[in-house]
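**Q** Got a predicted structure here, sequence first:
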Amino acid sequence: MNQTRRTFLQATMAAGTVAIATSAGLLTPSTVLAAWPKKAFDATKYADALKAIAGSDKAENSKEISVEAPDIAENGAVVSVTVKSKAAKTEQISIFVPENANPLTASYIMSDAVDGFVTGRIKMRKTSDVIAVVKANGKLLTAKKPVKVTLGGCGG
Amino acid sequence: MAKKKMKIRAWADKGAATVKAIVFHPMETGLRKDKATGKKIPAHYIEELSVEHNGKKVLTCLWGPAVSKNPFLSFRLKNAKKGDTLKLSWVDNTGDKDVAEAKIK
């Protein structure tokens, strides 16, 4: 079989599957997809992303926030990050990696039924700070931790 | 899809509970290239995951493509006891979704 033709067919089929999945998603009413902040996740600068997700880019350093991450991450595809907030009325915890193509990694909207604590795993393209921004009682508090990455995790 | 896509564990202690969950998902960024064809692998990642405790929404996770493959989540739930129900539901950027329930042990 002609190699170009095969590649073409594979690509077409893959694209077709995605299109079907997308249209199926649009047809079924979604209960969980409230308002995924596309603008914030698409932002390429840390300040823009912070403004889009939290409404302001002015965050003050706080000792009430702590970021736990490894000093050296051997594999940037899996970096375990824990953010703890001792601030009262923690409403939202956002995690940023300024050196990634899109700095906003994840944002957790907390109700008063959970403690100000969240753990997740993120990808890091290269050595960078991991910044946590916590929205508590209407204020933005921040803390960061540098993480050295020896193998990038965003492909390429 | 029949394949199990989530694992949830939750333990109660002293009126609170620790919850740990893993979702099995490729979390493609859309930046990676398929080495065989040289074409970009389309982005495929979870956008939103929500957690309900006894029917009440307690945590919403907004995730971007930079969350690792097979995302892990852990948090502490206040005022939880043994036998309470936890419901996790997610939706990804292609409209795929899944729901799983677990009881606090």
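**A** Done, it's in. Residues are numbered from 1 along each chain as shown, chains lettered A, B, ... in the order given.

**Q** how about low-confidence regions in chain A?
**A** In the predicted model of chain A, residues A:1-35, A:152-156 satisfy pLDDT under 70.

**Q** where do the strands sit along it?
**A** Applying DSSP state E to chain A gives strands spanning A:60-61, A:65-68, A:72-73, A:79-85, A:90-96, A:104-110, A:114-122, A:128-136, A:139-149.

**Q** Name every strand pairing with the fifth one and say which way it goes.
**A** So the one you mean is strand A:90-96. With DSSP bridges as the test, strand A:90-96 is paired with strand A:104-110 (antiparallel), strand A:128-136 (antiparallel).

**Q** The second one too?
**A** If you go by DSSP bridges, strand A:65-68 pairs up with strand A:79-85 (antiparallel).

**Q** With the longest one instead?
**A** Using DSSP bridges, the strands paired with strand A:139-149 in its sheet are strand A:60-61 (parallel), strand A:72-73 (parallel), strand A:128-136 (antiparallel).

**Q** who's in contact with the first one?
**A** This means strand A:60-61. A:139-143 (Cβ atoms under 8 Å, 6 or more residues apart in numbering or on different chains). C-betas here are computed from N, CA, C, even on glycine.

**Q** one step back: export the strands paired with strand A:90-96 as TSV, with columns for mean neighbour count.
**A** Converted to TSV, those look like this (neighbours: other Cβ atoms under 10 Å in any protein chain shown):
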stretch	mean neighbour count
strand A:104-110	24
strand A:128-136	23
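
**Q** about what we covered before: let's have the strands paired with strand A:139-149 in JSON lines, adding distance to B:K82.
**A** Shown next, in JSON lines, are the strands paired with strand A:139-149 (distance: least, Cβ to Cβ, whole Å):
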{"stretch": "strand A:60-61", "distance to B:K82": "40"}
{"stretch": "strand A:72-73", "distance to B:K82": "37"}
{"stretch": "strand A:128-136", "distance to B:K82": "30"}
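
**Q** For A:T90, which of the ones you listed is the nearest?
**A** Smallest distance to A:T90 across the strands paired with strand A:139-149 (Cβ to Cβ): 4.7 Å, for strand A:128-136.

**Q** what's the spacing between B:I22 and B:W90?
**A** Using Cβ to Cβ, to the nearest Å, we find B:I22 at a distance of 12 Å from B:W90.

**Q** between those two, who's got more neighbours?
**A** Neighbour totals were compared for B:I22 and B:W90, and B:W90 leads with 24 against 16 (other Cβ atoms under 10 Å in any protein chain shown).

**Q** So what's the predicted local confidence for the more buried one?
**A** Looking at B:W90, its pLDDT is 89.

**Q** so what's the backbone phi/psi at the residue in chain B that chain A sits nearest to?
**A** Residue nearest to chain A within chain B (Cβ to the nearest Cβ): B:G95, separated by 1.3 Å. When read as degrees, to the nearest 10, the backbone of B:G95 gives phi 90, psi 0.

**Q** count of neighbours near it?
**A** With other Cβ under 10 Å as criterion, B:G95 counts 19.

**Q** Tabulate the strands paired with strand A:90-96 in a markdown table, adding columns for distance to B:V58.
**A** A markdown table is the format used below for the strands paired with strand A:90-96 (distance: least, Cβ to Cβ, whole Å):
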| stretch | distance to B:V58 |
| --- | --- |
| strand A:104-110 | 8 |
| strand A:128-136 | 17 |
